[in-house]
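Peer 1: Show me the folded form of this:
(2 chains)
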Amino acid sequence: MTVTTQQAGAINPPAQREAEFEAVFLQHYQRVFGVLYRLTGDRAEAEDLALEAFLKLWQDPPGREGNLGGWLYRVATRLGFNALRSGQRRRGYESAAGRDAWDQGEPPDPPREAERRDERAAVRATLGILAERDAQLLILRHSGLSYREIAATLGVSPGSIGTLLTRAERAFERAHGGGGFDASE
Amino acid sequence: MHLNDEALRAYLDGQLADPVGAAAHLAACTQCRGQFESMQARARRISALLAALDPAAADVARPVQQAFSQFTARRRDAERKEQFPMLGRLFAPRMRPLWIGLSVVVVLAVALSFQPVRVWAGNLLQAFRVQQVVVLPVDNTRLSALGNDTVLGKQISQLMSDSSRVTRDPGKPREVPDKAAATQAAGFDVRLPSSRSDAPQLTVQGAGEFEFTANRTRAQDLLDQAGFKDVKLPASLDGALIQVEIPPTVTAGYGRCPKLLEQVAEAKQQMLEKGVQGHDSPGPVTGSPGRTMRDCIILSQLTSPSVSAPPDLDLQQLAEIGLQITGMTAEQAHSYSQAVDWTSTLVVPIPRNGASYEEVQVDGVTGSLIQRPRDDAPQYALVWIKDGIIYAIGGLGTDPSPALAMADSMQ
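Peer 2: Numbers count the residues shown, from 1 in each chain, chains lettered A, B, ... in the order given. Below you'll find the model as predicted:
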C-alpha cells in the first residue's frame, strides 16, 4: 500500500519536528530571555516576548539554508526593541524610573535603588536612540553570543563583528555620555 | 605589521583564531598595545553600563522546562484558534452535533469559526436533507476574534447550552467486525474501498436527536455585542422549536488511528453532559498528529441528518444573515443566497486564506476536495454524496491521492 510511505515520507514529520524544536528551545531560551530582559527590564514582558519569538519560529521557520539561531535572535531583538521604544513613547517625557514607581504606589526608594533605576532607564534610552544594528550588536554580545552567532543574526560576515562592535561602542558612548543626553527621554 | 581593529577587538573578546600570535605581537608593539588598552577601557566602561540591565537575582528566567511547557500551551492555543474544521474533523463523532448544524446552511459558515453560533444557526431550518455540497471561502477574521475564550464566546455557549436538550441518546459507539455487520447496525448499505487491502477499524454509532428552542432576544443581544448590529433576527425565530435528528454514522479508520474508539466514547459522553455543546478538542485526524497517527485515514458515511423547524421561519433571510456574518455585504449575501437551494445544500465554509478546494470526479459523481497546506500538519478532506449517502474522507499530509483512490473504489 502506498499510503503509508507517501505520508511517512512527507517533509517534517510532526513528531520529529516537535522533538527538534524542543531541543532548539532548550538550547536558546535562557539567552533569548536574557536579551529581552535587558531590553525591556521586565521579567514578565521578557518571558512573554521570548515565547512570542519561539512561536514565530515554530510558525514560520527559516528555510533549510537559513540559520535558525540567527533567525531567532533577529526576531527576538526586533520584538525587544519595539517594546523598548514603545515603552519609551508611552512614558513620554516623564522620568521612566520615578514615574513607574509613583504609578504603582510604591514607597519612595532608598536613594541607591532610585539611582540604579535611573541608570537602567538611561542605558535603555541610549540603546533606543542608537542605530538598531549598533544596539543589537551591543546587547547580543553582552548577552554572551559569539561573533559567529551575532554575524548570523545580523547577516554580516563574522570577520567584521569586531570592527562593528568597536564602532557601536563609540556610538553608544557618544550618545550616552555627551550630546545633551537626558535620562528622562 | 600591526594588528588591525578587527583583530584587536576579536583578541579582546577571545574570538580570535590565533590568540597566541596576537599576544606576542601586543607584548612587542607599543602602538598596538596602546590602541588595545584604549579599546579595552572603552569596552569595560560600556560593559559596566550594560551590566545595569542584567536580570536581578529575583528576575532570572524560569526553569527552561517550565518555559517550554508554557510555550507548548501557547502554541496549541494559537493552533486551535487558527484551526478550521476540516470535514474529517466534522465527521469525527465528537463533532457530530456540530456537524449537524454544519450540514444545514450557510449560516453554518459561522459555525465553523464561531462555534456556539454554529449550532444555533445551523438549526434554523425547515426540513433539510443534504443533496449537494458547495464550498464557500469565507473571511473569518472577524469571527475568529470571537472564539470561545472570550466573554462573549462564553455567553453564547451558555445560551446554546440553556436552549438545547438531547432527546435521544445516540448510545455507545460499537465496534463492528465487518461491512455486513456495519450495514445491519446502520440501516443502510455500507460501502468500503477496495483500494485498501487492510481491515479498517469499524465503528457504528446509533442515531441521536436533540432539540433547540430559539431565544431571539438573547441571540440578538449577543449579535449586537459581537458587532453585528446591522443584522436583525426575524421575529418568527423567537421560541421556535427546532429538532435535529442524526442518523447512524459508520466510521472506518485505516492505518494507525489509535484514539478513534476512545474519542468516540468521549464524544458521546460529552454530548450527554453538555447537550449540543461541542468543544474544540481535535478530532482523530486533526490537531497535532502524534507520530502514530500520520497514516491514519478516516472514512465516514451516513445518510443526511434531518432538521425540522416551524414553517414560518424565513430560511433565506437567515441564510443571508449567516452570509453577512461571514463577511459578505448585504447585497452579496442576498445575491448568493438566492442562488442556493438552502433545503438541500451542505455549505462548507473554508477560510479564504487558509485552505484551497477543487471539484473532483470521484465515485461517479462530483466531489469537493479541500486541502489545508499547513506546514506542520497539512490535511485534506474529500466529501461527496452518492445515492443519498454522505461520504467524507479525511487524512493528513499533502497528498490526497490515497483518498481519491479510496473514493473511486467504493463497493
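Peer 1: contacts and neighbour counts: CA atoms only from here.
Peer 2: Noted.
Peer 1: Now do the contacts for the closest residue in space to residue B:243 that isn't next to it in sequence.
Peer 2: Leaving aside its chain neighbours, residue B:243 sits nearest to residue B:211 (4.3 Å; criterion: C-alpha to C-alpha, 6 or more residues apart in numbering or on different chains). Neighbouring residues of residue B:211 by C-alpha atoms under 8 Å, 6 or more residues apart in numbering or on different chains: B:164, B:165, B:166, B:167, B:241, B:242, B:243, B:244.
Peer 1: So residue B:211 versus residue B:305, what's the distance?
Peer 2: Applying C-alpha to C-alpha, to the nearest Å, the value for residue B:211 to residue B:305 is 13 Å.
Peer 1: So which other helices or strands are in contact with the longest helix seen in chain B?
Peer 2: Counting residues, the longest helix found in chain B (DSSP state H) is helix B:30-51. Where contact means 3 or more C-alpha pairs under 8 Å, 6 or more residues apart in numbering or on different chains; DSSP states H and E, helix B:30-51 is packed against helix A:132-142, helix A:161-177, helix B:5-12, helix B:19-28.
Peer 1: could those helices be laid out in CSV, adding distance to residue B:58 and mean neighbour count?
Peer 2: As requested, the helices and strands packed on helix B:30-51 are exported to CSV (distance: least, C-alpha to C-alpha, whole Å; neighbours: other C-alpha atoms under 10 Å in any protein chain shown):
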stretch, distance to residue B:58, mean neighbour count
helix A:132-142, 20, 21
helix A:161-177, 27, 19
helix B:5-12, 31, 21
helix B:19-28, 38, 14
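Peer 1: and the ones you listed as JSON lines, adding mean pLDDT?
Peer 2: Formatted as JSON lines, these follow (pLDDT from 0 to 100):
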{"stretch": "helix A:132-142", "mean pLDDT": "94"}
{"stretch": "helix A:161-177", "mean pLDDT": "93"}
{"stretch": "helix B:5-12", "mean pLDDT": "92"}
{"stretch": "helix B:19-28", "mean pLDDT": "92"}
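Peer 1: For chain B, which helix or strand comes out least confident on mean pLDDT?
Peer 2: Lowest mean confidence among the helices and strands of chain B (mean pLDDT, DSSP states H and E): helix B:107-113, at a mean of 30.
Peer 1: likewise chain A?
Peer 2: Using mean pLDDT, DSSP H and E, the lowest element in chain A is helix A:2-8, with a mean of 30.
Peer 1: Start and end of stretch B:301-310, how far apart?
Peer 2: 28 Å.
Peer 1: follow-up on the earlier one: can I get the helices and strands packed on helix B:30-51 in a markdown table with distance to residue B:411?
Peer 2: Putting the helices and strands packed on helix B:30-51 into a markdown table (distance: least, C-alpha to C-alpha, whole Å) gives the following:
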| stretch | distance to residue B:411 |
| --- | --- |
| helix A:132-142 | 64 |
| helix A:161-177 | 68 |
| helix B:5-12 | 73 |
| helix B:19-28 | 76 |
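Peer 1: I'd like to know which of those helices is closest to residue B:357.
Peer 2: When those are compared for distance to residue B:357 using C-alpha to C-alpha, the nearest one is helix A:132-142, at 43.6 Å.
Peer 1: Return the member of the contacts of residue B:211 nearest to residue A:132.
Peer 2: Distances from residue A:132 to the contacts of residue B:211, taken by C-alpha to C-alpha, are shortest for residue B:164, at 57.3 Å.
Peer 1: is that closest one in a bridge, and if so with what?
Peer 2: residue B:212 (DSSP bridges).
Peer 1: what about the helices in chain A?
Peer 2: Counting by DSSP H, the helices of chain A are A:2-8, A:14-40, A:43-59, A:68-91, A:96-103, A:111-129, A:132-142, A:147-154, A:161-177.
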